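Asker: Here is my input; please provide its structure:
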Amino acid sequence: MVLHVRSAPRAAGLVALIRAAVQKLDRTVPIVDVHTVRDEIDRTLLRERLVRTVTSMFGGLALLLAATGLYGTVSHGVVRRTREFGIRIAVGAGPGRIRGLVLRDAAAWVVAGMATGLTASWLLSRTVSGLLFSVPAVDALSVAIASGVLIVTTFAAALIPARRAARVDPVSALRMQ
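Answerer: This next block holds a predicted model:
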């Protein structure tokens, strides 16, 4: 037999009252597995919450790997273009202009990648639409947040190489082979 009780106060104090009332009616009735609706909901959603947590961790790891890869790529590009930056600085380009040049190059790569990714996600959205609940297959808010996070990550990853490029010594850069 199952007994459901709706109450305003906390369930912990109510359990003792219910046990006493049931024992008063019949001492042979065992009272086991007492829990709240919140406990029942938590048990029901445990798997979904676990999947959400694991997916979020993998997403964070993917973002970290993307930032590391972007940092490495931009750094390599700065090293390869050190002579060019030295010449630009020698003919009057300021540090801000050099930083902007490096950041624009990084932004161009990321915008191209985002365009490719957004197109692919839009084309594949019908495949995953059956797995989504209360969220449309193409959710503009999610796309905007993901794009914003990727843009901020790009800026953060490219900022250190851009600063390094802006501090290139023109004389030593021109002596490089």
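Asker: contacting residues around residue 97?
Answerer: By C-beta atoms under 8 Å, 6 or more residues apart in numbering, residue 97 lies in contact with residue 88. Quick note: C-beta positions are derived from backbone N, CA and C, even for glycine.
Asker: And it, how far from residue 88?
Answerer: Taking C-beta to C-beta, to the nearest Å as the measure, residue 97 falls 7 Å from residue 88.
Asker: any idea how this protein splits into domains?
Answerer: Domains of the chain are assigned by automatic domain parsing as 11-41, 55-175.
Asker: For residue 5, find the nearest of the ones you listed.
Answerer: Nearest to residue 5, of all those, is domain 11-41, at 6.3 Å by C-beta to C-beta.
Asker: got the buried residues for the closest one?
Answerer: Within domain 11-41, no residue counts as buried by 16 or more other C-beta atoms under 10 Å.
Asker: For stretch 60-76, list the C-alpha coordinates in PDB.
Answerer: Coordinates of the C-alpha atoms in stretch 60-76 are reproduced here as PDB (Å, rounded to 0.1, in the frame of the first residue of the first chain):
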ATOM      1  CA  GLY A  60      34.800  22.300 -21.200                       C
ATOM      2  CA  LEU A  61      37.600  20.000 -22.200                       C
ATOM      3  CA  ALA A  62      36.900  20.600 -25.900                       C
ATOM      4  CA  LEU A  63      36.900  24.400 -25.300                       C
ATOM      5  CA  LEU A  64      40.200  24.100 -23.500                       C
ATOM      6  CA  LEU A  65      41.700  22.100 -26.400                       C
ATOM      7  CA  ALA A  66      40.300  24.500 -28.900                       C
ATOM      8  CA  ALA A  67      41.900  27.400 -27.000                       C
ATOM      9  CA  THR A  68      45.200  25.600 -26.700                       C
ATOM     10  CA  GLY A  69      45.200  24.800 -30.400                       C
ATOM     11  CA  LEU A  70      44.300  28.300 -31.400                       C
ATOM     12  CA  TYR A  71      47.000  29.700 -29.100                       C
ATOM     13  CA  GLY A  72      49.600  27.400 -30.600                       C
ATOM     14  CA  THR A  73      48.500  28.200 -34.200                       C
ATOM     15  CA  VAL A  74      48.600  32.000 -33.600                       C
ATOM     16  CA  SER A  75      51.900  31.700 -31.800                       C
ATOM     17  CA  HIS A  76      53.400  29.800 -34.700                       C
END
